[in-house]
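Trainee: sequence and predicted structure are below.
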Amino acid sequence: MSVLDKKTMALISIGAAYAVNCKPCMELLRKLAVDAGATTEEMHDAVAAGEKVKVGAASRTRVFAGEIFGEIDFESLSASGNEKSPS
């Protein structure tokens, strides 16, 4: 049994699903959150929290990549079309 209620768990899960780019997860979790009484505003807040986690992790990963591979000019890679889209 969880200490957190179903709505809170659904909202946390929405943020996590967003952070890992899982569209099917977000679709399922939206229904679960609505069924648990979550509002659109609460779901937007959950996605915003996931965005903060995702951006923070990406920023740190860039630092790690620089430590491992040397300085990478992501902007010039993007401009030249060599940057692959994240999956």
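Mentor: Done, it's in.

Trainee: show the subsequent helix or strand relative to the helix or strand hosting residue 55.
Mentor: Per DSSP states H and E: residue 55 is located in helix 40-69. Counting by DSSP H and E, the next helix or strand C-terminal to helix 40-69 is helix 74-80.

Trainee: and that next one, what does it pack onto?
Mentor: Here helix 74-80 touches no other helix or strand, going by 3 or more C-beta pairs under 8 Å, 6 or more residues apart in numbering; DSSP states H and E. For every residue, glycine as well, the C-beta is placed using N, CA and C.

Trainee: list the buried residues in that helix.
Mentor: Counting neighbours by 16 or more other C-beta atoms under 10 Å, one finds that helix 74-80 has no buried residues.

Trainee: distance from the chain centre to that helix, please.
Mentor: Chain-centre distance of helix 74-80: 23 Å, with C-alpha atoms, centre = their mean, to the nearest Å.

Trainee: so which residue is dead centre in the chain?
Mentor: residue 19 (1.3 Å; C-alpha atoms, centre = their mean).

Trainee: surely that one meets residue 54?
Mentor: Yes. Using C-beta atoms under 8 Å, residue 19 is in contact with residue 54, at 4.5 Å.

Trainee: ok, residues contacting whichever helix or strand residue 18 is part of?
Mentor: Element membership of residue 18 [criterion: DSSP H and E] is helix 6-19. Defining contact as C-beta atoms under 8 Å, 6 or more residues apart in numbering, one finds that helix 6-19 is touched by 2, 4, 25-26, 29-30, 32-33, 36-38, 42-43, 45-47, 49-51, 53-54, 57.

Trainee: of the residues you listed, buried ones?
Mentor: 26, 29, 30, 32, 33, 38, 42, 43, 46, 47, 49, 50.

Trainee: for these, which two are the farthest from each other?
Mentor: 32 and 49 (17.0 Å; C-beta to C-beta).

Trainee: re earlier: just after the helix holding residue 18, pick out the following helix or strand.
Mentor: Assigned by DSSP H and E, the successor of helix 6-19 is helix 23-35.

Trainee: nice, that's everything, thank you.
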